[in-house]
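Participant: generate a structure from the sequence data that follows.
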Amino acid sequence: MLSELQCRLGDDVAVVHDRKNKDNGKNDRKTSAAPGTGIDEHQEIAMTDPNRTSAAFGQGSAVDAFVATQVVLRERQCRDRGWWEQMDQTFWPDSTVRLSWYDGNGPGFVLGSKAMKQRGQHTLHHVFAPSVQVRGAKAHVEVSAAILAPASIDGTAGTLTAHSRLNYRLERRNDEWRILSLDAIYEQTTLVPSVPGETITIPAEELARYRASYAILAWQLERDGHSMSADLLGDDRPEALDAFYAQMRDWLEG
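Facilitator: All right, here's what the predicted structure looks like:
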C-alpha cells in the first residue's frame, strides 16, 4: 500500500489555474489545489516538481518529505487501530525501536504491540505537526506526541499521559520509504482521574526514585509488572539530547 501511494504522489500533487475572470478581465493566476491552505508560490513549485529541492526540507524534495511524513503517521495510525500487517510494512527488517517498554527491532515492536493489545492494554497516540529533514535517501522526522493510557490506581480510574517527541530515521530503498529507527524523547508525564472530583494520590517518595521526565510512567509500568530503563532520552538530561541530535545530523549528512 505504501509503495503504491509513493508511486502515485507525482500525479496527485498538482497546481491548478483559476479560469479567467470574464467580469473583470483579470489574468489567470496560480492557486493551490487545496484553496485556503496558505501554500505560497515557492511551495507550489516544490510540491509539483518531485526533483525540486527546498531549504525547508534540506537537500531533498518536498515530495520525499511528504512521503516520509506519511509513513510515520501511518505507523502511528496502524498501531492505534490494530492494523498489524500494515504497521509491519512501515519498518525495514533491520530497523530498531527504543521506547519505554520496548528495545529491539521494528518487526518485534509490531508483534509486541499486538500482544499488548491482546492483553487488554490499550493506548492512543495524539500526534502533532512534524518537522522533517531530507538528505537524498535519508530522512529525519520528529513529531511531538501525547500518549494516553488508561490506568486504575487503588480503584480510581484515570488517564496517564506521556508527553514525548518521537524521532524517526527513514531510508528510501528501491524507491520505497520505510522506518529505520524510532526513538522517544520524554518530556513529562501526568496522571488525572477520569471522573472530576475524584483524586489520585502518588506518594512523593515513590516518584523520587524515577527520572523527572517520565517518573509517573515508570511508576505505573512497575506497578503493572514491567520495568523501564533509567537511561532513556529525556528533557531532564540535556547533554544526552545534544549528543543524540548531533548523531542524527551526522547520519543525515553521512
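Participant: who's in contact with stretch 112-119?
Facilitator: Contacts of stretch 112-119 from elsewhere in the structure, counted by Cβ atoms under 8 Å, 6 or more residues apart in numbering, are 79, 82, 84, 87, 101-102, 104, 123. From N, CA and C alone the C-beta is placed, and that goes for glycine too.
Participant: CSV for those residues, including distance to residue 193?
Facilitator: Shown next, in CSV, are the contacts of stretch 112-119 (distance: Cβ to Cβ, whole Å):
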residue, distance to residue 193
79, 26
82, 27
84, 32
87, 32
101, 24
102, 28
104, 34
123, 18
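Participant: max pairwise distance over those residues: which two?
Facilitator: Across the contacts of stretch 112-119, the longest distance by Cβ to Cβ is 19.9 Å; it joins 82 and 104.
Participant: on that earlier part again, what subset of the contacts of stretch 112-119 is buried?
Facilitator: Burial by neighbour count, 16 or more other Cβ atoms under 10 Å: within the contacts of stretch 112-119 this picks out 79, 87, 101.
Participant: quick one: the helices in the stretch 101-250 of the chain?
Facilitator: For the stretch 101-250 of the chain, applying DSSP state H, counting those that start in this stretch gives helices covering 106-118, 204-207, 215-223, 238-253.
Participant: quick one: list the elements packing against the longest one.
Facilitator: Counting contacts by 3 or more Cβ pairs under 8 Å, 6 or more residues apart in numbering; DSSP states H and E, helix 238-253 is packed against strand 131-135, strand 138-153, strand 156-173, strand 176-193, strand 233-234.
Participant: which of the contacts of stretch 112-119 fall in strands?
Facilitator: Where the contacts of stretch 112-119 overlap with strands, as defined by DSSP state E, the overlap consists of residue 104.
Participant: how much space separates residue 103 from residue 183?
Facilitator: As judged by Cβ to Cβ, to the nearest Å, residue 103 and residue 183 stand 10 Å apart.
Participant: more neighbours: which of these two?
Facilitator: More neighbours sit around residue 183 than around the other of residue 103 and residue 183, counting by other Cβ atoms under 10 Å; the figures are 19 against 13.
Participant: quick one: the more buried one and residue 167 touch, right?
Facilitator: Yes. Taking contacts as Cβ atoms under 8 Å, residue 183 lies within contact range of residue 167: 4.8 Å.
Participant: got any residues that touch both of the two?
Facilitator: Between them, residue 183 and residue 167 share these contacting residues under Cβ under 8 Å, 6+ apart: residue 244.
Participant: burial of the closest residue to residue 180 other than its chain neighbours, as a residue count?
Facilitator: Nearest residue to residue 180, sequence neighbours excluded (Cβ to Cβ, 6 or more residues apart in numbering): residue 169, at 4.4 Å. With neighbours defined by other Cβ under 10 Å, the count for residue 169 comes to 20.
Participant: buried ones in the helix or strand hosting residue 94?
Facilitator: Secondary structure assigned from DSSP states H and E places residue 94 in strand 91-98. Within strand 91-98, the residues that qualify as buried are 91-92, 95-98, counting by 16+ other Cβ under 10 Å.
Participant: that's all I had, so thanks and see you.
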